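[1] Take a look and give me a structure for this.
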Amino acid sequence: MSTTPLAETTRTTFRMSTSVTVDIDASAATVWALLTDPARQREWNSTLTSIQGEIREGGTVELVAVASPGRTFKLKVGDIVPNSQMVWSDGFAPMFRGVRTFRLTDLGGGRTRFAMDEAFAGLMLPMIAGSLPEFAPIFATYAADLARAAEG
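    This next block holds a predicted model:
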């Protein structure tokens, strides 16, 4: 059984970052398959209302999160290393940019460490930080959902 997800948020004036880590009793390939298939994400990811697009190098993903039901996020997918890492990003530096990085580490014995970090940075962050949700509980839910799906 997976460990309990550990999520935390750090803030400075022009940067906010939330990260989560959980060890999952499943191979990196199993976890990767869940992360990169939008149709399957709708089955296991309770933090999403909808997701569509192509999770591949250079692809674009459009998603609506439960925490922001009135907004569709259009994210660019890149820096893919299969079964290991990918990055989703949105926005324009230096005004405001969000970058979410997914990492998988093979722990051996059929176990994988899942880590996800999302950093928001830019000159506009101080003006909009108060309107952003508290990401740590959302990330913990996401990681727990992923672990349950991978282990099931």
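[2] buried stuff in whichever strand in the chain runs longest?
    Counting by DSSP state E, the longest strand found in the chain is strand 96-108. Using 16 or more other CB atoms under 10 Å as the test for burial, strand 96-108 gives 96, 97, 98, 99, 100, 101, 102, 104. All C-beta spots, glycine's among them, are computed from the backbone N, C-alpha and C.
[3] Residue 122 against residue 96, yeah?
    Yes: here residue 122 lies in contact with residue 96, judged by CB atoms under 8 Å, at a distance of 3.8 Å.
[4] where along the chain do the helices fall?
    Counting by DSSP state H, the chain has helices at residues 28-35, 38-44, 125-128, 135-151.
[5] who's in contact with the last one?
    Put plainly, it is helix 135-151. 1-2, 4-9, 18-22, 24-26, 30-31, 34-35, 40, 43-47, 65-67, 112, 114, 116, 118 (CB atoms under 8 Å, 6 or more residues apart in numbering).
[6] Name the residues contacting each of residue 122 and residue 96.
    Residues touching both residue 122 and residue 96 (CB under 8 Å, 6+ apart): none.
[7] about what we covered before: direction included, what does the longest strand of the chain pair against?
    Strand 96-108 sits in its sheet next to strand 85-92 (antiparallel), strand 111-121 (antiparallel), going by DSSP bridges.
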